[in-house]
Structure formats: C-alpha cells, structure tokens
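In: Sharing a model that was predicted from the sequence below.
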Amino acid sequence: MLAGLVLVAATFAATAAAQPLVQSDRQALIAGLQAQYEVSLIRERKMADDRETQEISVLEARLRSARAQADAAKGDARQASAALAQARADYAKLAAELSNRDPALHAEAAAYHAEAEAAATTASPAKLAALQRFADGDRTQAWPAIEAETAAAANSEPPAAQAKDLRELAALRDIMRAHGEASDADVLALYDKAAALDPANFMTDIHRAALARDMGDLRRARDAAQQAIAVASEENEKGVALDRIGEQAAGQGDNAEAASDYDQALAIYRRLAAADPTPAAQNEVAIILKDQGDLRTATGDYKGAASALTEALAIRQKLAADNPADRDRQDYVTAILQRIGDLDIKIGDLSGARSAYEQGLAIREQLSAADPANTDLKYYASAMMRRIGDLALRQNDLKTARARYEEVLAVRLALSAANPSSAQLKDAVALDYFDLGEVQFAQNDVQSAARSWAQSYEIRKQLAAADPTNADMQQLVLKSLTRLARIGADGITWNDVAAQYRLIETEHHLIPADERVLEALRVHGLANGL
C-alpha cells in the first residue's frame, strides 16, 4: 500500500519518522499504497499465472531486502535509497500491468486512490513510517505500529473520524488477509467496530456481510445486509443490499423473504439497465435472474426457474459474444449453463443436462488451460465435472461416475488445504465425499462407502456447528446421518437421525424429501411425536 515514500537519501534512515513529507514523496506514497492494494486483489482473485505469481514474489522479496539495506545504511545512503526507490517502482509497475487486464479490478484500484491519498495526507509521521514499512512488504512487523498509532489518534477524534480510521485499518488488514497474514475474522472485527461508531456507512455493512458469509455465519451476514439497506441512499445500493439479504435468507431456508428480496432487486436493476444499458448493468440483471432461478429450483417451481435462467443465459451469451476476449464474460455463461443442467436433471431431461454441462465444461477447461494458476477456474471446472459424474451415476455407469468423483475430490481437497478458512471449499469437499460414497455403495464397496460418508459427515457437522442457522447445512447433516445409520457405520444409529430430524422440525425447515427419512424412522420405531 505504500510502495513509494522516497525520502532524501542522506537522511532517510535517521529521519523517516520525524521529517514531514514533501509533495513528491507524498505522491510516491499514494502510488505505493495503491500498488499494494492491486497486488492483494490480484492474489485473492488468482489473476496471475505461475510465472507472474513468481515474479510478484521475487519483486516483493527484493522490495523487503532493499528496505532492510536502506534502514541499515549509514553515512552516504544514496545508493541504498536509489535501490529502494527502483524496487518500489518495479513492484508498482507490475501491479499496474496486471490490474489493467481486468476493467473491474482496475476500477476498484482507481477508487482506492482516494483512500490512499487520505492515509498519506492525515497520518502522523510515526504512522507514515509504519505505513512505509508495510508498503515495503514487511506487513506483519508494521501492523502493530499502524494499529497503535491509529488508536492513539482516536482519543482526540469524534466517532465519525474514528470509524473512518477503522475502515482504513480494515483495508490494510484485508491486504494482509490476501497474503495469508490475517483472517476473515480479523478484518471483520475492524469493520464491526467501524459500524458501531458510524452505522450509516453502506460499504462497511456490505464488507461485513461478505466476510461473515465467507466464514459461514449466515445470521451475521444477513444482519449486516439488512443494516446496509437501511442506510442505502441510491437505487444501486438498494439493489446490492436486497440481493445480499436474499442470499442469506435463502441459505437459512427463509424462501418467502428471499423471493421478495430478489423480486425487488430485479425491478431496480431492470430500471437501471433500461436507463443506462451498459454491460455491467445488464449483467446485474442476469445475476438476480440467476439467484431467482436457484431459489425457484430449490422450491420446486421448475417452470419459473427455467424462465429466469433462460433469460439470464441469453443476456450473458450476448455479453460474451460482444467481447470474446473477456474471460469473465465467458465464465459467466458457464454459471448459467450449470444451473440449466441441474434443472434439466430435476425434470428428467438428461440429454439436455448433458448438453448444458458439456458446453460449460468445455468453456471452463479452456479458461483454466489459459490461466493454470487460477484456482477459482480449477474449482469451477471441477464443479462441472462433478455434475457429469452425477449424470453417469443416474445412468448406472458406475465406473465413470466413480472416476469423475475421485478426480473432483482430489482437486477440491488441494484447494481447501490451500485455503482452510473457506467454508465454501469445505462444503464442496463434504459433497464430494458424499457423492463418492453413493457410487461406492452402488458398487457394493460398503467399507469404502462408510469411510467416505463418515468424512462427509464430520465436515458437515463442523460447518453446522459454526452456523446453526444454516438450514441447508442442517439438511446435509441429516442426509449424511441417514446414510451412516443405514449401514451401521461410524457409531451412528437411527436415534441420531431422529434427533437431527427433530432439530430441523423445531426450526420449521423440513422439506418434502424428509418424508422418506420419517418413513425410515417409523420402520425403526422412532417416529413418536414426529
């Protein structure tokens, strides 16, 4: 974030914490802040290939080394200072080149410029020195000083100014998170403090909702999204907040609330797209249609789901055709194809499902081959491959289904190991173990099925404990328990199934498929009171 602060060579090491910045130094500082922010986005979104990722690492190591040499320089430090200035410039140049590939990321980085400027303008000399260390790659050592200086300044500031400082701290902490030096919870704690001091800041609550959802805490995410809509001041903000509330509500099984939120958000985005039909505005319409399709599929409104998804696909196919070099637009098409395939399976159109999945897989494999370091693309391709495994299982091609499931599991285990705080990846691994158990059982490999289902259950149990309001996860726990009880594995009995069924019933989240579980409980004499 601060890869720029070039001080007078002869006095750099001795006076960095005491001398005020001249204008050229301040601009270098702002450029450095922006470079750090850009690299954090590049890392988080896996935009760099293997070569570029290595180049980032090399330049960052060079930056830290140059900083250490400048700090240690005595007497005439011009050579060390010049080497540091060049290292900063090279780092910022690479960050800008990579971020310019993605218009959305470039726009975010440009918007961050104002935050960087505010930090360079208002910070104390001691904080500027700590920020410079942060920008030069020594983030973990710089962080305590940045935090302490911010806390000291807060003693004389009104609440709104303290909240602004906390948002700046959260942005820095988020950069550390992208580098594996902080957690979602660390960043969320700072945004929570900012929200308490300044409850009217829309983006604070959107950040809180996103972080809480990534942590698997849907209740907390929904509360933050509801606070966001309460303070939204324009149509686009209201649309964003409504979509976020709908996502959390759907995850918690509150389908009526989710449907209402999506309808309202869609009406807003249709108006905005009609007034200004940019690709971004049109894609926002497609996003809500996709969410509507998911919800309607889940609630059995297959005709409504098909209508929403067909419209979303048409929008995204046109956007992709208009700009075939835009990788994101191509991938957006596959997200809809995947959902159409899922819907086709539910209505029994296996031929249609295979066509949708194969189209989507071809696009995703092409994108992943062009960007082999992008783990998101690996995940998306594995999701389509898993669905082709589902089709093989439905058609009793057990050998193909097992091979596909094992391939997908291997990919997702690696991804989850590299990002252990992601509840989404854990959930995906649990699903893969469950699917593998299904095909193993169909092959009469009961011991392997028991191991796979037990692995799935352990992960789902942990995720459900982390967020008891997640209705979908409670259903998945019930499915895993039912499979294990059926074969008497892992010490699970039908009493455990009955207890989970009662929990879901108490929360009023039973679904039609649970009737089969109730029938099994009746057979085992455990349906009293259910």
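Out: Nice, I can see it. All values derive from a computational prediction rather than experimental measurement.

In: Least confident secondary structure element in this structure?
Out: helix 12-15 (a mean of 32; mean pLDDT, DSSP states H and E).

In: Buried residues in the helix or strand immediately after that one in the chain, which are they?
Out: Downstream of helix 12-15, the next assigned helix or strand under DSSP states H and E is helix 23-44. Using 16 or more other Cβ atoms under 10 Å as the test for burial, helix 23-44 gives 25-43. Every residue, glycine included, has its C-beta placed from N, CA and C.

In: What helices and strands are in contact with helix 23-44?
Out: helix 50-72, helix 78-99, helix 103-122, helix 125-135, helix 159-178 (3 or more Cβ pairs under 8 Å, 6 or more residues apart in numbering; DSSP states H and E).

In: Give me whichever of the ones you listed is most buried.
Out: Neighbour counts averaged per stretch over the helices and strands packed on helix 23-44 are highest for helix 125-135, at a mean of 24; criterion: mean count of other Cβ atoms under 10 Å.

In: now the angle from it to helix 50-72?
Out: Relative orientation of helix 125-135 and helix 50-72, computed by axes from the mean of the first three to the mean of the last three Cα atoms, to 10 degrees: 140 degrees.

In: Output helix 125-135 as CSV, restricted to C-alpha atoms.
Out: This file holds the C-alpha atoms of helix 125-135, laid out as CSV (Å, rounded to 0.1, in the frame of the first residue of the first chain):
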residue,chain,number,x,y,z
PRO,A,125,5.0,11.0,11.0
ALA,A,126,5.3,7.8,13.1
LYS,A,127,2.3,6.2,11.3
LEU,A,128,3.7,7.2,7.9
ALA,A,129,6.9,5.5,8.8
ALA,A,130,5.0,2.3,9.8
LEU,A,131,2.9,2.5,6.6
GLN,A,132,6.0,2.7,4.6
ARG,A,133,7.3,-0.4,6.2
PHE,A,134,4.0,-2.1,5.4
ALA,A,135,4.3,-1.0,1.8
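
In: Spit out the contact partners of Gln330.
Out: Gln330 is in contact with Ala320, Pro324, Ile363, Gln366, Leu367, counting by Cβ atoms under 8 Å, 6 or more residues apart in numbering.

In: where's the third one relative to Leu98, distance?
Out: Spatial separation of Ile363 from Leu98 under the definition Cβ to Cβ, to the nearest Å is 23 Å.

In: hang on, the earlier thing: buried ones only from the contacts of Gln330, please, as a PyMOL command.
Out: Buried subset of the contacts of Gln330, written as a PyMOL selection, criterion 16+ other Cβ under 10 Å:
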select buried, resi 320+363+367
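
In: need the contact list for the residue nearest the centre of the chain.
Out: Geometric centre of the chain, nearest residue: Asp214, 5.9 Å, by Cα atoms, centre = their mean. Neighbouring residues of Asp214 by Cβ under 8 Å, 6+ apart: Asp184, Ser421, Ser422, Ala423, Gln424.

In: Quick check: the third one touching Ser416?
Out: Yes - the pair Ser422 / Ser416 is scored as a contact, 6.8 Å apart, by Cβ atoms under 8 Å.

In: So for Ala3, what's the pLDDT?
Out: As predicted, Ala3 sits at a pLDDT of 33.

In: what do you get for Ala353?
Out: pLDDT, read off for Ala353, is 94.

In: swap in Leu188?
Out: Reported pLDDT for Leu188: 95.

In: That one and Ala210 touch, don't they?
Out: No - with contact defined as Cβ under 8 Å, Leu188 does not reach Ala210; the gap is 9.3 Å.

In: neighbour count winner among the two?
Out: Leu188 (25 against 18; other Cβ atoms under 10 Å).

In: any idea which helix or strand carries the more buried one?
Out: Applying DSSP H and E, one finds Leu188 within helix 184-197.

In: and that helix with helix 159-178, angle?
Out: Using the same axes, to 10 degrees: helix 184-197 against helix 159-178 is 170 degrees.

In: from the middle of its chain, how far away would the next helix or strand after helix 184-197 be?
Out: Downstream of helix 184-197, the next assigned helix or strand under DSSP H and E is helix 202-214. How far helix 202-214 lies from its chain's middle: 11 Å, per Cα atoms, centre = their mean, to the nearest Å.

In: Buried ones in helix 202-214, by neighbour count?
Out: Of the residues in helix 202-214, those buried (16+ other Cβ under 10 Å) are Phe202, Thr204, Asp205, Ile206, His207, Arg208, Ala209, Ala210, Leu211, Ala212, Arg213, Asp214.

In: Save these as TSV, and put in pLDDT too.
Out: Converted to TSV, those look like this (pLDDT from 0 to 100):
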residue	pLDDT
Phe202	94
Thr204	94
Asp205	94
Ile206	93
His207	93
Arg208	95
Ala209	94
Ala210	91
Leu211	92
Ala212	92
Arg213	90
Asp214	86
